[in-house]
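Enquirer: Provide a 3D model corresponding to the input given below.
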Amino acid sequence: MSDFLFRETLEQLDPELADLIKYETERQARKLVMVPSESLTPEGVHTALGSAFSHIYAEGYPDERTRA
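Expert: Modelled structure (predicted):
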């Protein structure tokens, strides 16, 4: 490839991938795929979500001076 920015279309760069995307788009338009889900969460998951590990996500890392 002479152009490192890949200015070509996906069909030109990778026709096989372009075909796969086209077929998958058609499949999703024609079929209803129902995925079973569970609305109950195990107790261990509740415990983990309510633990100190969730503080990092919710509040960021603690100040360096208060870190043990």
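Enquirer: low-confidence ranges, the protein, go.
Expert: Residues of the chain that meet the criterion pLDDT under 70 lie in 1-4, 37-39, 53-63, 66-68.
Enquirer: go with 80
Expert: Residues of the chain meeting the criterion pLDDT under 80: 1-6, 33-42, 46, 48-68.
Enquirer: determine the longest helix present in it.
Expert: helix 15-30 (DSSP state H).
Enquirer: got the buried residues for that helix?
Expert: If you call a residue buried by 16 or more other C-beta atoms under 10 Å, then helix 15-30 has no buried ones at all. Placement of C-beta: from N, CA and C, glycine included.
Enquirer: begin at 47 from here
Expert: Yep, numbering from 47; the last one is helix 61-76 now.
Enquirer: so what does that helix touch, helix or strand wise?
Expert: helix 56-59 (3 or more C-beta pairs under 8 Å, 6 or more residues apart in numbering; DSSP states H and E).
Enquirer: neighbouring contacts of the helix it packs on?
Expert: Helix 56-59 is contacted from outside by 52, 63-64, 67, using C-beta atoms under 8 Å, 6 or more residues apart in numbering.
Enquirer: which of these sits closest to residue 88?
Expert: residue 67 (36.6 Å; C-beta to C-beta).
Enquirer: residues contacting the closest one?
Expert: residue 56.
Enquirer: again, 6 Å this time
Expert: Neighbouring residues of residue 67 by C-beta atoms under 6 Å, 6 or more residues apart in numbering: there are none.
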